[in-house]
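**Student:** Predicted coordinates and the sequence they were generated for:
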Amino acid sequence: MEQHKVEFEEEGHIYRVNGRRVISTTQALALVDDRPKDLWYLLRGKIVHRVTQYYDNGELNEESVDLLVRPYFEAYVKFRGDTGFVPIYVEKRLYHPSYVYCGTLDRIGKLNKNDVLIDLKSGAKARVDELQLAAYWELARVNNIPVKKCFDLYLHDNATYKLEPVENVKLLLPTFLSILKSAQWKENLT
């Protein structure tokens, strides 16, 4: 497989592959995501992702976790303890050379001896969550990263979590791809 240099600019959530701007999974799904775009919740989600990333990489000073995101962090720690999940890839950025999109897969790892893909969520459940997971599953597949099962992991503000399997990623993929094509057209990236 040809090597592609995936770069990510935090400001603007911009992916570039070999210097060329490429649409992200999140940007594509923005066309159909009807949740309010409140900056506070978006920032909280980024912080929760960063804190759990540092935790999984063994780089987190747990005393530094802000009280506003601490319950989400505690829910994640509880999930890891309860299930024995072992992350292999943490916040892995990937590119799809055929469909020309990028995404950052939250976690790929071992759960009950299975290779699993887990997407972390710190907000309310939405219909687009399953489409996002289907897009990430396809990114893993095309990049030869084995995934047997997919889950959305909802972290709650009361330090609890809910792990929800998404069984139909293959069936959801065509829906995501049609949205992706529309988003690429809208952004003039076709």
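**Tutor:** Received, thanks. Numbers count the residues shown, from 1 in each chain.

**Student:** Where do the strands of the protein begin and end?
**Tutor:** For the chain, strands defined by DSSP state E occupy the ranges 6-9, 14-17, 20-22, 86-96, 101-111, 114-121, 149-155, 161-165.

**Student:** pLDDT of the last one, averaged?
**Tutor:** Put plainly, it is strand 161-165. Taken as a whole, strand 161-165 carries a mean pLDDT of 97.

**Student:** Residue most distant from the centroid, the chain?
**Tutor:** Distance from the C-alpha centroid of the chain, by Cα atoms, centre = their mean, peaks at E63 (25.6 Å).

**Student:** pLDDT value on it, please?
**Tutor:** In this model, E63 carries a pLDDT of 90.

**Student:** Equivalent analysis for the one 4 residues further on, please.
**Tutor:** What the model reports as pLDDT for L67 is 90.

**Student:** What's the separation between it and L43?
**Tutor:** L67 sits 15 Å away from L43, taking Cβ to Cβ, to the nearest Å as the criterion. (Each C-beta comes from the backbone N, C-alpha and C, glycine too.)

**Student:** about what we covered before: what about the residue farthest from the centre of the chain, distance to V51?
**Tutor:** Applying Cβ to Cβ, the value for E63 to V51 is 12 Å.

**Student:** ok so, going back, who has more neighbours out of L67 and L43?
**Tutor:** Each of L67 and L43 has its neighbours counted (other Cβ atoms under 10 Å); L43 has more, 12 against 6.

**Student:** How much space separates that one from E62?
**Tutor:** From L43 to E62 the distance is 20 Å (Cβ to Cβ).

**Student:** how close does V169 sit to Y136?
**Tutor:** As judged by Cβ to Cβ, V169 and Y136 stand 9 Å apart.

**Student:** For these two, indicate the residue with more neighbours.
**Tutor:** The neighbour comparison of V169 against Y136 (other Cβ under 10 Å) goes to Y136, with 25 against 21.
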